[in-house]
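Peer 1: Show me how the following folds:
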Amino acid sequence: MIKYDFTGKNVIVTGGSMGLGASICEEFAAAKANVVIADINIDEANKKKEELSKYGTKIITSKLDVSNYEEFVSLIEKVKNELGSIDILVNNAGICKSAPLTDMDVNECNAMVNINLNGTIYGCKAVLPVMKEQNYGKIVNISSMAAKLGNANSAVYATTKAGILELTACLAREYAPFNINVNCVLPGIIRTPLWENMLDSYTNGDPAGKDAMFQQITKDIPLGRPQEPKDIANAVLFLCTEEASNITAQNLGVDGGQSY
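Peer 2: Down below sits the predicted model:
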């Protein structure tokens, strides 16, 4: 097992209170980073803060609606004032609604665009001036294998995640002269709360039906299993190490071989 050491590094993770975001926060805290859990659900964020206190680093929580740019600006200012620098930003917050486009309410379309895509744009826009001034920074944007696999009933979600790929590539080139790495991780299928909500919608919440559907959805993964949050967290941490300092503008799929 690789033992990462982020002693003295300050990390912001959006959507960090549950699921994949919580795992990313935990792995960074275990690697001795100071972690800011930024989430619209502040109660869950505070619960996660208590869990992470065992690692002995600074854990800060902040309520954040990623679709509100001004809130992002306030968060960046707060973290810079409290911690002195912002070394790493993980744009993880996201939502998913699966349905035929013609059946989807326009408000659901807008919510996915505002949270998944605009939220990532806003995070980058708010933090990049700080990282540029520092002449150092790591940004990891969380996309999805859906960005590369055009599945039915996923048009809006997949579009938002595909947009993150191009955002990552453009920003990586723009800010490479300032020693800032911008990369993207594309998770595969993970049974996080986001997936639980999707399974609920498919099966009306029937537990047996949910299990059967999940097995059906994951049966063709080449490596034979769905992903775990830690699989993705490990990829995120690697991209933020100095060993990965010559990696930028890349899209790293962690999906058991479903995409390439």
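
Peer 1: Can you tell me the element residue 186 falls in?
Peer 2: strand 180-187 (DSSP states H and E).

Peer 1: Pull the distance from that strand to the chain's centre.
Peer 2: Using CA atoms, centre = their mean, to the nearest Å, the mean C-alpha position of strand 180-187 is found 10 Å from that of the whole chain.

Peer 1: List the strands paired with it, with their directions.
Peer 2: Applying DSSP bridges, strand 180-187 is found paired with strand 137-142 (parallel), strand 251-254 (parallel).

Peer 1: Mind listing what's buried along it?
Peer 2: 180, 181, 182, 183, 184, 185, 186, 187 (16 or more other CB atoms under 10 Å). Backbone N, C-alpha and C define where each C-beta goes, glycine included.

Peer 1: So for residue 122, which of the strands paired with strand 180-187 sits nearest?
Peer 2: Closest to residue 122 of the strands paired with strand 180-187, according to CB to CB: strand 137-142, at 11.9 Å.

Peer 1: buried residues in stretch 38-52?
Peer 2: 38, 39, 40, 41, 42, 44, 45, 47, 48, 49, 52.

Peer 1: Which pair of those residues spans the longest distance?
Peer 2: Greatest spacing in those, by CB to CB: 40 and 52 (18.7 Å).

Peer 1: picking that back up, which of the strands paired with strand 180-187 is buried the deepest?
Peer 2: Highest mean neighbour count among the strands paired with strand 180-187 (mean count of other CB atoms under 10 Å): strand 137-142, with a mean of 25.

Peer 1: Touching the helix or strand where residue 172 lies from outside, list them.
Peer 2: Assigning secondary structure by DSSP H and E places residue 172 in helix 155-175. Helix 155-175 is contacted from outside by 91, 94, 96-98, 101, 104, 108-109, 112-113, 116-117, 120-121, 124, 128, 131-132, 137, 139, 141-144, 146-151, 181-184, 186, 248-251, using CB atoms under 8 Å, 6 or more residues apart in numbering.

Peer 1: Can you say which of those residues are buried?
Peer 2: Counted by 16+ other CB under 10 Å, the contacts of helix 155-175 give 91, 94, 96-98, 104, 109, 112-113, 116-117, 120-121, 124, 128, 131-132, 137, 139, 141-144, 146-148, 181-184, 186, 248-251 as buried.

Peer 1: what about residue 83, neighbour count?
Peer 2: Number of residues near residue 83 (other CB atoms under 10 Å) recorded here: 18.

Peer 1: Show the contacting residues for the closest residue to it other than its chain neighbours.
Peer 2: Leaving aside its sequence neighbours, residue 83 sits nearest to residue 10 (CB to CB, 6 or more residues apart in numbering; 4.4 Å). The neighbours of residue 10, taking CB under 8 Å, 6+ apart as the test, are 33, 34, 36, 79, 83, 84, 85, 86, 87, 88.
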